[in-house]
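>>> 3D model of this:
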Amino acid sequence: MTPVRPLLFAFGLVALLLCCGGASAADVAAGKATAEGCAGCHGADGISQMPLVPSLAGEPDYFIQWQLVFFRGGSRKNEVMGPIAEALSDEEIRNLGAYYASLPPPKPQPAPTSDALAQAGAELAAKHRCQVCHGNDYSGSGPTARLAGQREDVLLKALRDFKSGARVGSGVSSMADVVYGLSDDDMRALAHYMATRP
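Predicted coordinates for the structure are as follows:
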């Protein structure tokens, strides 16, 4: 994929949000009704119990919207999510974003009192300035994902996918830059740290 394609999707999504954002407010109740079809994998309350399936509860509204548009447009590949997103209208995407953002986020995964892996992850997060985009408490903002309390396996897969180029960010190369110099052990530490944060 050329570098231009992710940028075109990003600009397209920005145009969608600017043009349609004021046309009609998102409907959380309608988003909840649409999300009934998502519950089998992502959980009835947006908290996944399935390996490699992210929890969506508490994710920022625009993050959910961006990812669905990426799946729908094909810049983010997934055998399951691609066809689902292709069937969603712009309004349904807006409603799903609002609904999942309205839910309480997952509680952090329990960690031992003395957790060297989480400490290593905290040091890496500080070194790579993860808080700049993901917030001081890693709760995300706008099109940037909530990391705190997310499934550890999901976070590790995301980091590996960014490093391999299998996944792109929001039309920019920030995540590719962050993960470029990380070893797999580094990525394991980061994923563990974020998953165990409140």
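
>>> heading C-terminal from the helix or strand of the chain with the lowest mean pLDDT, find the next helix or strand.
Lowest by mean pLDDT, DSSP states H and E among the helices and strands of the chain is helix 4-21, with a mean of 46. Per DSSP states H and E, the first helix or strand lying C-terminal to helix 4-21 is helix 28-35.

>>> tell me what that following helix is packed against?
In this structure, helix 28-35 makes packing contacts with helix 90-102, judged by 3 or more Cβ pairs under 8 Å, 6 or more residues apart in numbering; DSSP states H and E. The C-beta positions use only the backbone N, C-alpha and C, and glycine is treated the same way.

>>> packing partners of the helix it packs on?
Here helix 90-102 touches helix 4-21, helix 28-35, helix 61-73, going by 3+ Cβ pairs under 8 Å, 6+ apart.

>>> how close does the residue nearest the centre of the chain get to Asp177?
With distances taken as Cα atoms, centre = their mean, the residue of the chain nearest its centroid is Ala145 (4.2 Å). Distance, Ala145 to Asp177, by Cβ to Cβ, to the nearest Å: 16 Å.

>>> over to Thr144?
From Thr144 to Asp177 the distance is 15 Å (Cβ to Cβ).

>>> so for those two, which sits in the more crowded spot?
Counted by other Cβ atoms under 10 Å, Thr144 and Asp177 do not tie: Thr144 has more neighbours, with 21 against 12.

>>> so which helix or strand takes in the residue lying closest to the more buried one once chain neighbours are set aside?
Counting by Cβ to Cβ, 6 or more residues apart in numbering, Thr144 lies nearest to Cys133, which is 4.9 Å off, once chain neighbours are set aside. Following DSSP H and E, one finds Cys133 within helix 130-134.

>>> next secondary structure after that helix?
On the C-terminal side of helix 130-134, the closest following helix or strand by DSSP H and E is helix 152-164.

>>> report the buried residues of that following helix.
152-163 (16 or more other Cβ atoms under 10 Å).

>>> make a markdown table out of those residues and add pLDDT and distance to Cys41.
As requested, the buried residues of helix 152-164 are exported to a markdown table (pLDDT from 0 to 100; distance: Cβ to Cβ, whole Å):
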| residue | pLDDT | distance to Cys41 |
| --- | --- | --- |
| Glu152 | 96 | 17 |
| Asp153 | 97 | 14 |
| Val154 | 98 | 12 |
| Leu155 | 98 | 17 |
| Leu156 | 98 | 18 |
| Lys157 | 97 | 15 |
| Ala158 | 96 | 16 |
| Leu159 | 97 | 21 |
| Arg160 | 96 | 20 |
| Asp161 | 94 | 18 |
| Phe162 | 93 | 22 |
| Lys163 | 93 | 25 |
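
>>> and these, which is closest to Leu103?
Proximity of the buried residues of helix 152-164 to Leu103 (Cβ to Cβ) peaks at Val154, which lies at 16.6 Å.

>>> in this structure the closest one contacts Glu59, no?
No - between Val154 and Glu59 there is no contact under Cβ atoms under 8 Å: 11.4 Å.

>>> please consider this matter closed, and thank you.
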